[in-house]
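A.B. asks: Task: produce atomic coordinates for the following.
(chains A and B)
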There are 2 protein chains.
Amino acid sequence: MGKKVTISDIARRLDISPSTVSRALSGKPGVSDELRKKILSLAEKMDYIPNVAAKSLKTQKTKTIGLIISDIRNPFFLDVMHGVESVLFPRGYKFIVCSINENLEREAVYLNWLMEHGVEGILASPLTTVSGKHNGRLYKKIARLGIPVVFYDRLIQSVENFDSVVLDNETAIADGAFYLTRKGHKKIGICLARRGLYTIEERYKGFKKAVELLRIETKPEWIIEGKHPLDNSFEKLRKLFNSEERPTAIISTNHPMTRTILKAARACGLKIPEDISVLGFDDLIENELMSPPITTIRQPVMEIGRIATTLLLGRIDGEKGKPSSIKLKAELIERESVKTLMLP
Amino acid sequence: MGKKVTISDIARRLDISPSTVSRALSGKPGVSDELRKKILSLAEKMDYIPNVAAKSLKTQKTKTIGLIISDIRNPFFLDVMHGVESVLFPRGYKFIVCSINENLEREAVYLNWLMEHGVEGILASPLTTVSGKHNGRLYKKIARLGIPVVFYDRLIQSVENFDSVVLDNETAIADGAFYLTRKGHKKIGICLARRGLYTIEERYKGFKKAVELLRIETKPEWIIEGKHPLDNSFEKLRKLFNSEERPTAIISTNHPMTRTILKAARACGLKIPEDISVLGFDDLIENELMSPPITTIRQPVMEIGRIATTLLLGRIDGEKGKPSSIKLKAELIERESVKTLMLP
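C.D. replies: As a prediction, this is how the structure comes out:
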């Protein structure tokens, strides 16, 4: 494998000064047309590649953004990345993927790398732990340095002045609970994928509001709190499903949690929706192929990725307006995993 | 948003020369301990970030690699990325995701961006079209420039001297066909996700070999050729499933194709495995949750990502040995989507 060809290599071959080569390659004046042609053709022949490091020193443009995602194993992020890329590619931008695996230190490590790397902006789904810890100070520092940050999917509640694109999580779950009551369900449980996270806390708020407004019956044992990874929620669900006192319907709060609910129901020999109704969260093609197909709350995931990226590129281009806080609506996809207990 | 703090800004504040600041920050001698402390603490206070562009000019280390993936919508790549990241993160490396959407021009655009960006290496699942076109010359140019490339999942047949990590695709399908014959199936079809692709052609070879060796009955109409996206294979499958003359079992060649087969069977009212047996390819958690759970050929996807990344980092570190061609074995996961027609 050869060494990288430099401007000096080209200059030496033509017996001219490196600054002349540099002027010719960057299209600046002070070089005759004939010499410029000669230099360009030799550069091509020698496989010369302009060094982005050298270029970016002057222009500060790496044409790269960082994408902080919470867990690379969640298929949610395939659609996010698809949305992000659909906006970046036509603009000549690329992205670095940083999966923080729900770990604050890992998030900080990645944020520092991204700063040092000279990314032009960051799209982040930030972590908040169950005890309320987060990397808000670091995000603020990044913004002070002039690197725009847009939050997507999740916010840090106490950190303002950032653009954000999230789901209207509270309404999404409240609407889901309302749908279940219209189907005759009064005893409803919920599986919270992980306490502390912005999205999950908002979804829980929506559930509690619905419980109050719609006089839904619920119990502490029907509120399953998961951890990461989700193994222990499987055991809790098994216990719940095997008990006499179980709800007639259960609401999920993300796709991995829906999988766990279906697994636990199967392990307990419960039929869906005959023995228990399931309202999923997030929508993969697989939901449609299940028996029964899963009724679910669908987020506009690609849209979240697309809008967040558009906002970020606007900031990179110098847009100085007030931060945008965009909330998108979820959609309830009715399939066959919720039983009609009685007509309203 | 503030401007980025430079070494000169720090020097001006302390009324010393920029080169002294630079020496202090990079830990070089020639600065008193007292002054060094002063400089470091001011740098911290002013949010100074060492510019990777400036650093990489000297060290040529962007600590970044490019990851070329064929289609970001295929969940296969979640596991690939998970494997890649598990090796990169502890070594302080990050990756840029480039989804080429099975498009040669897009692949070339990304490869050029990666070169200009100064990535230290590239992991690629390269495209070969049905007419045999590929970006082999560009990959060779990249290697000549001293940027190591490792192929994973796919190869370009005519491009040698690259490290590679792929599945033993031929054996994977041949073993799958053998399993079906042991279950009593003699009439077998296959769905080729997309002709031309290295993986799909190898899987087809395995099928043809099995047909010959095992005296399997097949027909041209039982060989479904897909395109990208897979819409037209859905129609072809519907036609096949509705005909009198259909095989007793059908083999898939990737996860999106398995989805299409299940959808088409459902649309035709065929029960799996009573009316048609399905042997899937690739394994998501969802396969286990289907009714019936899907018997499938599982690739060691994370392993492919991990081994390819390990090879690449070895090359980046200067490993000069002969190229490695690694072929990994698939595993057949027996569930309930294949009917036993008769005991052998």
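
A.B. asks: residues in contact with residue A:295?
C.D. replies: For residue A:295, the contacting residues are A:278, A:279, A:280, A:332, A:333, A:334, A:335, A:336, A:337, A:338, by CB atoms under 8 Å, 6 or more residues apart in numbering or on different chains. All C-beta atoms are positioned from the backbone trio N, CA, C, and that covers glycine.

A.B. asks: pLDDT wise, what is the fifth one at?
C.D. replies: It refers to residue A:333. Listed pLDDT for residue A:333 reads 97.

A.B. asks: before we move on, back to that, in PyMOL, select just the buried ones from the contacts of residue A:295.
C.D. replies: One line in PyMOL is enough to select the buried members of the contacts of residue A:295, burial here meaning 16 or more other CB atoms under 10 Å in any protein chain shown:
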select buried, chain A and resi 278+279+280+335+337+338
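
A.B. asks: mind putting the contacts of residue A:295 in TSV, distance to residue A:21 and secondary structure included?
C.D. replies: TSV is the format used below for those (distance: CB to CB, whole Å; DSSP: H, G, I helix; E, B strand; the rest coil):
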residue	distance to residue A:21	secondary structure
A:278	67	strand
A:279	66	strand
A:280	61	strand
A:332	63	strand
A:333	61	strand
A:334	66	coil
A:335	65	coil
A:336	69	coil
A:337	67	coil
A:338	70	coil
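
A.B. asks: ok, and of the contacts of residue A:295, which contact chain B?
C.D. replies: Contacts with chain B within those, counted by CB under 8 Å from any CB of the partner chain: none were found.

A.B. asks: Save the contacts of residue A:295 as a markdown table, and put in distance to residue A:123 too.
C.D. replies: As requested, these are exported to a markdown table (distance: CB to CB, whole Å):
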| residue | distance to residue A:123 |
| --- | --- |
| A:278 | 32 |
| A:279 | 29 |
| A:280 | 26 |
| A:332 | 27 |
| A:333 | 26 |
| A:334 | 32 |
| A:335 | 32 |
| A:336 | 36 |
| A:337 | 33 |
| A:338 | 34 |
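
A.B. asks: For chain B, give me its nearest residue in the stretch 101-250 of chain A.
C.D. replies: Nearest residue of the stretch 101-250 of chain A to chain B, counting by CB to the nearest CB: residue A:146, 4.4 Å away.

A.B. asks: how far away is that residue from residue A:86?
C.D. replies: Shown here: residue A:146 relative to residue A:86, a distance of 26 Å by CB to CB, to the nearest Å.

A.B. asks: just residue A:264 next, same as before
C.D. replies: Per CB to CB, residue A:264 is found 36 Å from residue A:86.

A.B. asks: Can you get me the centre-to-centre distance for stretch A:149-156 and its chain?
C.D. replies: 9 Å (CA atoms, centre = their mean, to the nearest Å).

A.B. asks: And the average pLDDT for that stretch is what?
C.D. replies: Confidence over stretch A:149-156 (mean pLDDT, whole number) is 97.

A.B. asks: Stretch A:34-46 now?
C.D. replies: Here stretch A:34-46 scores 85 as its mean pLDDT.

A.B. asks: Report the secondary structure state of residue A:66.
C.D. replies: Going by DSSP: H, G, I helix; E, B strand; the rest coil, the secondary structure assigned to residue A:66 is strand.

A.B. asks: So what pairs up with it in the strands?
C.D. replies: Beta bridges link residue A:66 to residue A:96, residue A:122, judged by DSSP bridges.

A.B. asks: So what's the residue count around it?
C.D. replies: Neighbours of residue A:66 under the rule other CB atoms under 10 Å in any protein chain shown: 24.

A.B. asks: can you pull out the strands in the stretch 1-150 of chain A?
C.D. replies: Ranges of strands within the stretch 1-150 of chain A are A:64-69, A:94-99, A:121-124, A:149-152, based on DSSP state E, counting those that start in this stretch.
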